[in-house]
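> after the sequence you'll find the predicted model.
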Amino acid sequence: MQKKETFTFQSEVKQLLDLMIHSLYSKKEIFLRELISNAADATEKLRFQSLSKPDLYSGNLRLQISIDKEKRVLTLNDNGIGMQRNEVIDNLGTIAKSGTKAFIDAIGSDQSKNNQLIGQFGVGFYSAFMVADIVSVHTRAAGTPSNEGVFWQSSGNGEYTISSLEKDDQGTEITLHLREGEDEFLDEWHVRRIVTKYSDHINLTIEIQTKQKKENGLIWEKINKAQALWTRKKSDITEDEYKEFYKHISNDFTDPLTWTHNKVEGKQTYINLLYIPSQAPWDMWSHDHKNGLKLYIQRVFIMDNAEELMPNYLRFVKGLIDSSDLPLNVSREILQNSTIIKTLRSALIKRSLNMLEKLSNNHKEKYQTFWKHFGRVLKEGPAEDKSNIESITSLLRFSSTKFEDMDQTVSLNDYVNRMLPEQDKIYYITTESYTSAKNSPYLEMFHSKKIEVLLLFDRIDEWMMSHLTEFKNKKFQSVSTSDDTFNKLTESENEEQKNTDKSLEPFIKRIKSLLGPRVKDVLLTRRLSETPAIVTTDINDITPQMAKLFSASGQSAPEVKYLFELNPVHPLVQKASDIQNDALFTQWIELFLDQAIFTATGTLEDPNKFIRRINQLLLQ
């Protein structure tokens, strides 16, 4: 072994190791799962590279676990891809992922979830320091000479040492010098149980060193099935095995909500195993978030995160596909232009949507959990995938005026089944919050006529609705737009209303003259009961919420031209109609218009002017 060099950990790693060593975890055994998963990844990479370089390895890929009770040492030795010196520094001395800070914040803020966060944030190797006070790594990259081995060691105190070594075989050996009190990990049967629990499904032979029964010698005994789980018969796979396999491929420590496992033979032959998680990953909305399925070809691992296999609006779906039709030398460029991939993608989308449909029909509480975590992602579907828009739309859920609780949602099927006999449209409102939607004056008429309205308040909702035109032959209608539908619902019912409207014609004409081109038109409306005025837009004009979306994305939006609608029976409107003083009349009309615009948009161009106007009128 050559001269050792000492390095300081990246600052985030120092914090991480301190938390690992000094924080309490409910399941310390997960360190073994993490190290086994890393070994499995290393052997998968070697299997793939050997397709073009057959001399990289010979024989079976395996991971060997040995225990030395006297020295208190647990060793894991694989014959996978191994690492070169620069890779050791990159992989074990730094954490290149932007999620490190988020991990440290999360692990420090909620100790009860510590054991669920390790794998999720990609820091599995460091979990070894939960049980070991010294961790040593001996590694040599496949295809390099024996004198290019690398030795890495750290006690988790902020520094690590690296030196070169002579290593006869390729792969990585990790040695854990266990802390006092961690004797359970020196028990062979306890280690066997952990491997069976977490890693029985891994497509890698895991062996443990044990004493022969008849002779007093040591042998290596295989302790896992070492068969790709997805290639086994569904009837032979237990529910627990499916769940553990999900955790292995997803770095998630919670059980999935549901899954689908299919083998297809015919024009194309493939196996898919798809999962719906029960919670969103911490970086779901990050630009760095990696999504897509694992791609295997004839059981050979090809790549992680094959985004070409799944659209962005289904980026929460985890799992894999194993194809028998793609070439083994496939690249991302080939994937983008492959007709086989396009066919597979179409089939996987349908499988995923069918899986969600079954979940929504048969397990409503689980589907509500799914919607809470991934509903906003699924809302991207109508714009992205016109060919499956009917299936996507039936999976959408909405808050509604039917319920007082924001979390109680309805499907469009539910809504249509409850529609009144005279109702021919699906009504909705888009605002910036549930509270503003629930209490909007635009709903006053709908409350009085007992017409249900969908309440939409996510930023994406306005954009989503611009791509939804109808559902089951019922057109969507925003309550903040104006068309003949509302005229039919609010048409005058008696002679007194008609006389009131006629008497206010000079008042309306005066407002039109005052506001001029600032509004598209001035109208009387019967939609309101407690509010003096609202603004609406024509059915084909841009809505205020859509204009705000344009603005937020840095784009220039067309000017919104409002219809100014006044409530003829409201006391303040009646009072304003009698005002002869032009200046005072202007103050009242401007106040009504500002109130209406503020209700529609949640903002005003000059809020201070609005407040001064209110104060002046209060003083008068």
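Ah, there it is.
> measure the most centrally placed residue in the chain to Thr409 for me?
The C-alpha lying nearest the average C-alpha coordinate of the chain belongs to Met284 (CA atoms, centre = their mean; 4.1 Å). To Thr409, Met284 is 20 Å away according to CB to CB, to the nearest Å. Using the backbone N, CA and C atoms, a C-beta is placed for each residue, glycine as well.
> quick one, strands of the stretch 401-550 of the chain?
Assigned by DSSP state E, counting those that start in this stretch, the strands in the stretch 401-550 of the chain fall at 425-430, 454-456, 470-471, 474-478, 481-482, 521-524, 533-538.
> in PDB, could you pull the C-alpha coordinates for the fourth one?
Translated: strand 474-478. Only the C-alpha atoms of strand 474-478 are listed here, as PDB (Å, rounded to 0.1, in the frame of the first residue of the first chain):
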ATOM      1  CA  LYS A 474     -71.300  18.500 -21.300                       C
ATOM      2  CA  LYS A 475     -69.300  21.600 -22.100                       C
ATOM      3  CA  PHE A 476     -67.300  23.400 -19.400                       C
ATOM      4  CA  GLN A 477     -68.300  26.900 -18.500                       C
ATOM      5  CA  SER A 478     -66.400  29.300 -16.200                       C
END
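> give me the low-pLDDT residue ranges for the stretch 151-300 of the chain?
Flagging of the stretch 151-300 of the chain using pLDDT under 70 yields the residue ranges 213-216.
> redo the strands of the stretch 401-550 of the chain as JSON lines? Include mean neighbour count and mean pLDDT.
Listed next are the strands of the stretch 401-550 of the chain as JSON lines, based on neighbours: other CB atoms under 10 Å; pLDDT from 0 to 100:
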{"stretch": "strand 425-430", "mean neighbour count": "21", "mean pLDDT": "94"}
{"stretch": "strand 454-456", "mean neighbour count": "24", "mean pLDDT": "96"}
{"stretch": "strand 470-471", "mean neighbour count": "15", "mean pLDDT": "94"}
{"stretch": "strand 474-478", "mean neighbour count": "17", "mean pLDDT": "93"}
{"stretch": "strand 481-482", "mean neighbour count": "20", "mean pLDDT": "84"}
{"stretch": "strand 521-524", "mean neighbour count": "18", "mean pLDDT": "94"}
{"stretch": "strand 533-538", "mean neighbour count": "23", "mean pLDDT": "91"}
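> Serialize the ones you listed to CSV and add fields for distance to Ser331.
Below are the strands of the stretch 401-550 of the chain laid out as CSV (distance: least, CB to CB, whole Å):
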stretch, distance to Ser331
strand 425-430, 43
strand 454-456, 42
strand 470-471, 41
strand 474-478, 43
strand 481-482, 49
strand 521-524, 59
strand 533-538, 49
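> what's the following helix or strand after the helix or strand His248 falls within?
Using DSSP states H and E, His248 maps to helix 239-250. Following helix 239-250 in sequence order, the next helix or strand is strand 258-264 (DSSP H and E).
> just the angle between that next one and helix 239-250, please?
90 degrees (axes from the mean of the first three to the mean of the last three CA atoms, to 10 degrees).
> elements contacting strand 258-264?
Packed against strand 258-264 by the contact rule (3 or more CB pairs under 8 Å, 6 or more residues apart in numbering; DSSP states H and E) you find helix 239-250, strand 270-276, helix 339-362.
> endpoint to endpoint, stretch 513-526 covers what distance?
23 Å (CA to CA, to the nearest Å).
> name the residues that touch that stretch?
Here stretch 513-526 makes contact (CB atoms under 8 Å, 6 or more residues apart in numbering) with 445, 486, 490-492, 497, 501, 504, 508, 511-512, 534-535, 538, 561-568, 585-586, 589, 593.
> and what of stretch 433-449?
Residues outside stretch 433-449 that contact it (CB under 8 Å, 6+ apart): 399, 401, 406, 420, 427, 429-431, 452-453, 455-457, 479-480, 486, 489-490, 526-531, 534, 599, 602.
> mind checking which of these are buried?
The neighbour-count criterion (16 or more other CB atoms under 10 Å) marks 399, 401, 427, 429-431, 452-453, 455-457, 479-480, 486, 526-528, 531, 534, 599 among those as buried.
> which non-adjacent residue is nearest Leu528?
Using CB to CB, 6 or more residues apart in numbering and skipping the chain neighbours, the partner closest in space to Leu528 is Asn567 (3.9 Å).
> same for the helix holding His248, what does it pack against?
Using 3+ CB pairs under 8 Å, 6+ apart: helix 239-250 touches helix 30-49, helix 188-199, strand 258-264, strand 270-276, strand 318-323.
> C-terminal to the helix or strand of the chain with the lowest mean pLDDT, what's the next element?
Least confident helix or strand, the chain: helix 114-117 with a mean of 44, by mean pLDDT, DSSP states H and E. For helix 114-117, the following helix or strand on the C-terminal side (DSSP H and E) is strand 132-140.
> list of residues touching that next one?
The contact list for strand 132-140 (CB under 8 Å, 6+ apart) reads 74, 82-83, 88, 92, 128-129, 146, 148-156, 165, 167, 169-179, 182.
> pairing partners for the following helix or strand past that strand, with directions?
Once strand 132-140 ends, the next helix or strand along the chain (criterion: DSSP H and E) is strand 149-154. Partners of strand 149-154 in the sheet, by DSSP bridges, are strand 132-140 (antiparallel), strand 159-165 (antiparallel).
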